[in-house]
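Undergrad: Need the 3D shape of this:
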Amino acid sequence: MKSFWKHLALDNGELTLIEAGLQKFVPHQMNNYRVRHEAVLHVVLDGAGIYKVNHQTYELKARDGFILKKNQQVFYTPKADQPWTIAWIGLGGKNLHHYLRNTTLANQDVYKFEEDSLAWVEMLNFIALLSNSDPTSQLDYLRAFSRLYQLLLTINHEFAVYQTRQNSYTIPEANLAEKIYEFIYENFLTNLSITQIADHFDISRNYLFKLCKEYYGQSPKNMIQELRMNQAVQLLRGSTMQVKEIASIVGYKDAFSFSKMFSKYYHYSPTQFRQMGEDIYDEMLFTIDETLRKKSFKKYY
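TA: So this is what the prediction gives:
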């Protein structure tokens with residue numbers, strides 16, 4: 001298959017095919033940027049390389065895949081002695097989350113195609129189809145979305161997260177509450193919503209709230225916010241990143257919203273917090289007013 005990069009912008013009302021491409025990298029070629037599209041699925045066709053995201057580094061080789069998600073800061077580069085060839089599909093649309101929510105791709109950065117993987121075959125066939133497609137052709141439009149739904153079907157089979165209404169309600173509540181916390185912990189840096197959590201476990205929002213309050217003493221919103229604030233503290237004290245970068249990393253759409261919540265939570269602005277001495281910092285962490293903190297959740301989250 002020849003190298004190509006095609007901007008498609010095909011939308012059927014629920015899914016969008018944004019772009020597709022295939023490229024043979026040269027040694028020391030680097031990609032370092034913030035992701036603009038909802039999701040970009042990559043597969044390694046041959047060679048090897050490095051993928052860095054969310055402070056994690058992954059070494060990848062042929063038949064491995066990695067997914068770029070909106071607003072992530074990503075870095076990837078081939079290994080100098082065996083530069084990789086990678087292919088990708090950029091996706092979006094209002095229902096994309098619906099089709100990926102029960103797969104490991106929703107929560108993980110990398111994945112692997114086994115030797116007998118149908119998803120691998122579908123991915124390669126889809127990329128080959130898109131490389132020769134004409135976005136203005138009605139037939140190619142229909143072929144593209146037909147192949148996309150087939151790809152999503154095989155991904156849901158091979159990378160399934162088995163979580164249904166039946167096992168959500170029949171496993172012990174304590175275990176379900178623990179799984180909910182784990183899910184929140186793994187995803188709090190994304191644009192995580194209460195509806196997404198409830199949908200993932202196929203339970204009602206009221207039942208989700210009940211479990212979180214009963215087992216953790218907080219609403220799910222409070223749990224997300226506390227994790228975000230804790231992460232923000234570490235980044236403010238342990239890095240030189242700008243406040244707007246930290247705001248994006250911990251799940252805020254802009255620095256103003258982040259600074260407003262941070263100031264209400266800790267009673268200091270992010271800049272003041274970064275500049276304070278260690279003695280004041282230690283004392284402040286131990287004397288946060290819990291009541292005011294919970295009130296701040298309700299008002300600003």
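
Undergrad: what residues are up against Ala119?
TA: Ala119 makes contact with Phe113, Leu151, Thr154, Ile155, His157, Glu158, Phe159, according to Cβ atoms under 8 Å, 6 or more residues apart in numbering. In short, each C-beta sits where N, CA and C put it, glycine included.

Undergrad: And it, how far from Met223?
TA: For Ala119, the distance to Met223 (Cβ to Cβ, to the nearest Å) stands at 33 Å.

Undergrad: number of nearby residues for Phe262?
TA: 29 (other Cβ atoms under 10 Å).

Undergrad: contacting residues around the closest residue to it other than its chain neighbours?
TA: In space, Phe262 comes closest to Pro270 once its chain neighbours are excluded; the distance is 5.2 Å by Cβ to Cβ, 6 or more residues apart in numbering. Taking Cβ under 8 Å, 6+ apart, we find Pro270 in contact with Ala232, Leu236, Val243, Ile246, Phe258, Ser259, Phe262, Ser263.

Undergrad: quick one: which of the residues you listed is nearest to Gln73?
TA: Ile246 (11.3 Å; Cβ to Cβ).

Undergrad: Identify the residue spatially nearest to the closest one, adjacent ones excluded.
TA: Once flanking residues are discounted, Ile246 sits nearest to Leu235: 4.7 Å by Cβ to Cβ, 6+ apart.

Undergrad: Ends of stretch 85-99, what's the gap?
TA: Between the opening and closing residues of stretch 85-99 lies a distance of 27 Å (Cα to Cα, to the nearest Å).

Undergrad: any idea where the strands of this protein begin and end?
TA: Here the chain has its strands, by DSSP state E, at 4-11, 16-24, 31-34, 39-46, 48-53, 56-61, 64-69, 73-78, 85-92, 110-112.

Undergrad: between these, which one is nearest to Ser193?
TA: Using Cβ to Cβ, the nearest of the strands of the chain to Ser193 is strand 64-69, at 14.8 Å.

Undergrad: related to what we said a few turns ago, tell me which of the contacts of Ala119 has the lowest pLDDT.
TA: Lowest pLDDT of the contacts of Ala119: His157, 86.

Undergrad: re the thing from before, which of the contacts of Pro270 fall in helices?
TA: Among those, the members found in helices (DSSP state H) are Ala232, Leu236, Val243, Ile246, Phe258, Ser259, Phe262, Ser263.

Undergrad: Relative to Thr195, which of these is nearest.
TA: Closest approach to Thr195 among these (Cβ to Cβ): Phe258, at 21.8 Å.

Undergrad: Now do the closest residue to the closest one other than its chain neighbours against Ser117, distance only.
TA: What sits nearest to Phe258 in space, not counting adjacent residues and going by Cβ to Cβ, 6+ apart, is Ala247, at 3.4 Å. Using Cβ to Cβ, Ala247 is found at 38 Å from Ser117.

Undergrad: One more: Ile155?
TA: The spacing between Ile155 and Ser117, counted by Cβ to Cβ, is 10 Å.

Undergrad: So between the two, which is more surrounded?
TA: Legend: neighbour count by other Cβ under 10 Å for Ile155 and Ser117, higher for Ile155 (23 against 17).

Undergrad: Tell me where the model's unsure across this structure.
TA: Within the chain, the ranges that satisfy pLDDT under 70 run 162-171, 278-301.

Undergrad: if we go to 80?
TA: Within the chain, the ranges that satisfy pLDDT under 80 run 1, 161-174, 191, 237-238, 276-301.

Undergrad: In it, which helix is the longest?
TA: Using DSSP H, we find that the single longest helix of the chain is helix 138-158.

Undergrad: Next, the angle strand 85-92 makes with it.
TA: Here the directions of helix 138-158 and strand 85-92 differ by 100 degrees (axes from the mean of the first three to the mean of the last three Cα atoms, to 10 degrees).

Undergrad: What is helix 138-158 packed up against?
TA: On a contact count with 3 or more Cβ pairs under 8 Å, 6 or more residues apart in numbering; DSSP states H and E, helix 138-158 meets strand 4-11, strand 16-24, helix 96-100, helix 118-131.

Undergrad: contact partners of it?
TA: The contact list for helix 138-158, computed with Cβ under 8 Å, 6+ apart, reads 8, 10, 12, 15, 17, 91, 99-100, 102-103, 105, 113-114, 117-119, 122-123, 125-126, 129-130, 133-135.
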